[in-house]
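**Student:** kindly return the folded structure for what I paste below:
(one chain, ligands or ions: 3)
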Amino acid sequence: MTAYLITSVSVVGAAPTDLLIRDGVVAEVGPGLSAPDATVIDGTGLVALPGLVDLHTHLREPGREDAETVESGSRAAALGGYTAVCAMANTSPVADTAGVVEQVWRLGREAGLVDVQPIGAVTVGLAGERLAELGAMADSAARVRIFSDDGHCVADPKLMRRALEYVKAFDGIIAQHAEEPRLTEGAQMHEGEVSTRLGLIGWPAVAEEAIIARDVLLAEHVGSRLHVCHVSTAGSVEVLRQAKARGVRVTAEVTPHHLLLTDERAESYDPVFKVNPPLRTAADIAALRAALADGVLDVIATDHAPHAVEDKECEWAYARPGMLGLETALSIALEVLGPRWDLIAERMSRTPARIAGLTGHGIDPAPGVPANLTLVDPSARRTIEPTELASRSRNTPYARMTLPGRIVATFLRGEPTVLDGKAVN
Ligand SMILES: NC(=O)N[C@@H](CC(=O)O)C(=O)O
Ligand SMILES: [Zn+2]
Ligand SMILES: [Zn+2]
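**Tutor:** Residues are numbered from 1 along each chain as shown. Ligands and ions are numbered 1, 2, ... in the order given. As a prediction, this is how the structure comes out:
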């Protein structure tokens, strides 16, 4: 195993120091380290962060390997500075049994680029009718702790209650895609001025807020853990703020795209901007950013949603919702938050690792800590070229945009997965 000496690097924004990585851990931290056998990486101007952790990734395997595989998505993740991702269950077949979650987990180990932690479905086939084998998935080799029907809402309140009750036994979490289906029938974009002007059926903010309000009450009643996926509206933030003030065990995530892009992007009719929940208004973005800073929103999660060309390059109404996220998330965080490294580490690494129970991740580089970390060049700017992404899909909403920050290297348990900005394997 090669040792790595990273010189003059800022650890989460602190004054420059040296980092020695050896035998899978951070062996030493301090100025003027020497290690003759180590490969030296000049860290001048770079920031070391604990490896990023994504609570919400779609890897598409099994079933849509043309759009992404566990391996291609893992490579995209590593290039984005991630050392662990949670893989959503809306694959084909659905990850609703111990067999499928173990398959995804095993594929992740074989790829070896990030730790892939499968999320299990809440209901059989994501159909919202009966609970999946949550216990069998929890007891499987994949040790599933987060369950979600993401892509669909667990709309039936009785099923949602039973799911929350069930996972309480092993301190599991239900991660909800909050969308009241009756309020979003035929919806194409955010319901507001722009949808009226374009004549597209709207997806009202209240369809999200009503489910979150119901679910925090259910979680409170049951005393169980709820996680809210991709929060997109100012009203949702207020519901969450009140629930947290009451002590409800709820956590919430926001995506990079909901922090940056507005519903006006739909004016182009370019389906790359079609996503669920839809892009909202500037006022929503302001509320989401404030909530991310004050902690009502716990986590930035990518909702990386690769789609094949034929599912995206078609008429808006027929296009699948979803956008790529893994390879651009840190740049968007820098664009939105600026160089607030401690906040970035908290929202993109420490807190998501804690929520998912991923031991060894989300820990700032310090002696003895597993060497799961990433090196960022904050002064670099890069123009996003879809064909240069490692994802098998091309549906990035940031094509040809110039964004701050570049991932220089990523280490998983002391082994580089990315060096000089390029994937190692
Ligand atoms: N976000 C999306 O627009 N799409 C996701 C599903 C989801 O996250 O709801 C997908 O699987 O493509
Ligand atoms: Zn969703
Ligand atoms: Zn999703």
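
**Student:** in the helix or strand harbouring Ser236, what counts as buried?
**Tutor:** If you go by DSSP states H and E, Ser236 is part of helix 234-245. Using 16 or more other C-beta atoms under 10 Å as the test for burial, helix 234-245 gives Ala234, Gly235, Ser236, Val237, Glu238, Val239, Leu240, Ala243, Lys244. Yep, even glycine has a C-beta here, placed from its N, CA and C like the rest.

**Student:** next structured bit after that helix?
**Tutor:** strand 250-254.

**Student:** what helices and strands are in contact with that next one?
**Tutor:** If you count contacts as 3 or more C-beta pairs under 8 Å, 6 or more residues apart in numbering; DSSP states H and E, strand 250-254 packs onto helix 205-222, strand 225-228, helix 234-245, helix 282-294, strand 299-300, helix 351-356.

**Student:** show me which of the buried residues of helix 234-245 is closest to ligand 1.
**Tutor:** Of all the buried residues of helix 234-245, ligand 1 sits closest to Ser236, with 14.9 Å by C-beta to the nearest ligand atom.

**Student:** ok, that closest one touching Val228?
**Tutor:** Yes - assessed by C-beta atoms under 8 Å, Ser236 is found in contact with Val228 at 7.4 Å.

**Student:** return every residue with contacts to both of those two.
**Tutor:** In terms of C-beta atoms under 8 Å, 6 or more residues apart in numbering, Ser236 and Val228 are both contacted by the residues Ala178, Ile212, Ala252.

**Student:** could the residues you listed go into CSV alongside distance to ligand 1 and pLDDT?
**Tutor:** As requested, the shared contacts of Ser236 and Val228 are exported to CSV (distance: C-beta to the nearest ligand atom, whole Å; pLDDT from 0 to 100):
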residue, distance to ligand 1, pLDDT
Ala178, 10, 99
Ile212, 15, 99
Ala252, 14, 99
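
**Student:** save the residues you listed as TSV, and put in neighbour count and distance to Asp18 too.
**Tutor:** Listed next are those as TSV, based on neighbours: other C-beta atoms under 10 Å; distance: C-beta to C-beta, whole Å:
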residue	neighbour count	distance to Asp18
Ala178	27	46
Ile212	24	46
Ala252	28	37
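
**Student:** of all those, which comes closest to ligand 3?
**Tutor:** Ala178 (11.8 Å; C-beta to the ion).

**Student:** where does the closest one fall, secondary structure wise?
**Tutor:** Using DSSP H and E, no helix or strand contains Ala178.

**Student:** could you report the pLDDT at Met1?
**Tutor:** We have a pLDDT of 80 for Met1.

**Student:** name the nearest residue to it, ignoring sequence neighbours.
**Tutor:** Once flanking residues are discounted, Met1 sits nearest to Asp23: 6.1 Å by C-beta to C-beta, 6 or more residues apart in numbering.

**Student:** next one: phi and psi at the one you found?
**Tutor:** Dihedral angles of Asp23 (phi, psi; degrees, to the nearest 10) stand at phi 50, psi 40.

**Student:** show me where the chain has helices.
**Tutor:** Applying DSSP state H to the chain gives helices spanning 70-79, 98-111, 134-139, 157-168, 193-198, 205-222, 234-245, 256-260, 282-294, 309-312, 329-337, 341-345, 351-356.

**Student:** on contacts alone, who are the packing partners of the first one?
**Tutor:** Going back to what we said before, that points to helix 70-79. Packing partners of helix 70-79 (3+ C-beta pairs under 8 Å, 6+ apart): strand 52-57, strand 82-87, helix 98-111, strand 402-412, strand 415-419, strand 422-423.

**Student:** out of those, which comes closest to ligand 2?
**Tutor:** Of all the helices and strands packed on helix 70-79, strand 52-57 sits nearest to ligand 2, with 7.8 Å by C-beta to the ion.

**Student:** now distance to Leu334 too, for the buried residues of helix 234-245, in TSV please.
**Tutor:** Output for the buried residues of helix 234-245, formatted as TSV (distance: C-beta to C-beta, whole Å):
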residue	distance to Leu334
Ala234	23
Gly235	28
Ser236	24
Val237	22
Glu238	27
Val239	29
Leu240	25
Ala243	30
Lys244	27
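
**Student:** of the residues you listed, closest to ligand 3?
**Tutor:** Looking across those and measuring by C-beta to the ion, the closest to ligand 3 is Ser236, at 15.9 Å.

**Student:** who touches the closest one in this structure?
**Tutor:** Ala178, Ala205, Glu208, Glu209, Ile212, Val228, Ala252.

**Student:** repeat the analysis, applying 7 Å as the threshold.
**Tutor:** Ser236 makes contacts with Glu208, Glu209, Ile212, as judged by C-beta atoms under 7 Å, 6 or more residues apart in numbering.

**Student:** I'd say the second one and Thr233 touch.
**Tutor:** Yes - counting by C-beta atoms under 7 Å, Glu209 sits close enough to Thr233 to count as a contact (6.2 Å).

**Student:** looking only at neighbour counts, state which of these two leads.
**Tutor:** Taking other C-beta atoms under 10 Å, Glu209 and Thr233 do not tie; Thr233 has more neighbours (25 against 22).

**Student:** related to what we said a few turns ago, burial of the residue nearest to Met1, as a residue count?
**Tutor:** 10.

**Student:** now it: how far from Gly414?
**Tutor:** According to C-beta to C-beta, to the nearest Å, Asp23 and Gly414 sit 6 Å apart.
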